[in-house]
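>>> Sequence first, then the predicted structure:
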Amino acid sequence: MQSAARADAANKDTVHENTVHEDDRVIEISKVSTRFGEHVVHSELDLEVRRAEIFALVGGSGSGKSTLLREMILLQRPDSGSIRVLGAELQKLGDEEALALRQRWGVMFQHGGLFGALTVTENVGLPLREHTGLADALIDEIAAWKLAMTGLAPEVGAQYPSELSGGMMKRASLARALALDPELLFLDEPTAGLDPNSASGVDELVRKLRDLFGLTIVMITHDLDLLWQVADRVAVLAEGKVQGIGSMSELSRMDNPAIRQFFDGPRGRAAQEPETRQADAQTDTKNARPSSKPK
């Protein structure tokens, strides 16, 4: 029964993959290999990210997800293979082309990456000052708007990063990542270190940004609630390759040990409970509907 369900899911995924238009592929990674000395991080790894989806990379420590993120944002080069982002082959870019491409994406770093000597408004406006000729007053207005988009109060703009809570720091970092109106957004552990309420707020914000602006979002996360509630597709990395890819519901039906770690155990089961309850409720509702057939 379980094998049949997995086969059915695989067939649906294959059909869907074959209908993805080339223009919808925002990121294409083909045969990427990365080594650090004798240590193999990636071994001919393949994956793609589609336009306007929320795509998550997960894996254990040392699985290569952070390295892959650095390769996608031009902070590191793989030893071999191809990475195309927004139609550009990263390994073939010159300095000017790389600079132009970087302005089409935004990055929210795990620990914020804000400059401590600058106010929050100055941090958010920094990309605009570096890459545009806008007047300072207009840049400050845009920065205030970006902060409002991420749910921060106007007075936060005058504060310094050291004065922010963990949740506020994440939102301020996200506001800076959005400063240049990117098409593509990279999020590195967006809910790490946050209390449940703050993490839940980030979950909602990520979904809202995608829905309102059609952003393509790629995130690295260990947050199982975030994966279940927000991610459209998830890629599980282990042993240098993608071990499985699909929705969390699809992955939950796979037997690969590298994938099972995200579903077995107390945390994995707890994260699945809302999904299970929703499915059960839908089944109950369907069964409770009165029949239209005459008795």
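Structure's in. What do you need?

>>> after the one helix or strand Asp140 maps to, next one along is what?
In this assignment (DSSP states H and E), Asp140 forms part of helix 136-149. Note on helix 136-149: by DSSP H and E, the next helix or strand toward the C-terminus is helix 166-177.

>>> tell me the average confidence for that following helix?
For helix 166-177, mean pLDDT rounds to 94.

>>> how about the helix or strand following that helix: buried residues?
Downstream of helix 166-177, the next assigned helix or strand under DSSP H and E is strand 184-188. Residues Leu184, Leu185, Phe186, Leu187, Asp188 are the ones in strand 184-188 that count as buried (16 or more other C-beta atoms under 10 Å). Any C-beta I mention is one placed from the backbone N, CA and C, and that applies to glycine too.

>>> cool, stretch 254-261 as well?
Applying 16+ other C-beta under 10 Å to stretch 254-261 flags Met254, Ala258, Ile259, Arg260, Gln261 as buried.

>>> who touches the fourth one in this structure?
Each residue near Arg260 by C-beta atoms under 8 Å, 6 or more residues apart in numbering is listed here: Met254.

>>> Mind pulling up the pLDDT for Asn287?
47.

>>> Next, the contact list for Val41, please.
Val41 neighbours (C-beta under 8 Å, 6+ apart): Thr34, Arg35, Gly62, Gly64, Thr67, Gly240.

>>> Sorry, slip of the keys, the one I care about is Leu93.
Leu93 neighbours (C-beta under 8 Å, 6+ apart): Leu74, Leu101.

>>> Over to it: give its phi and psi.
phi -80, psi 140 (degrees, to the nearest 10).

>>> quick revisit: now the helix holding Asp140: how far from the chain's centre is it?
24 Å (C-alpha atoms, centre = their mean, to the nearest Å).

>>> Same check on stretch 77-96?
20 Å.

>>> Going by neighbour count, list what's buried in it.
Pro78, Gly81, Ile83, Arg84, Val85, Leu86, Leu90, Leu93.

>>> ends of it, how far apart?
Across stretch 77-96, the terminal residues are separated by 17 Å (C-alpha to C-alpha, to the nearest Å).

>>> The helix holding Asp140 packs against which elements?
Secondary-structure packing of helix 136-149 (3 or more C-beta pairs under 8 Å, 6 or more residues apart in numbering; DSSP states H and E): helix 120-131, helix 166-177.

>>> Report the buried residues of it.
For helix 136-149, using 16+ other C-beta under 10 Å, the buried residues are Ile139, Asp140, Ile142, Ala143, Ala144, Lys146, Leu147, Met149.
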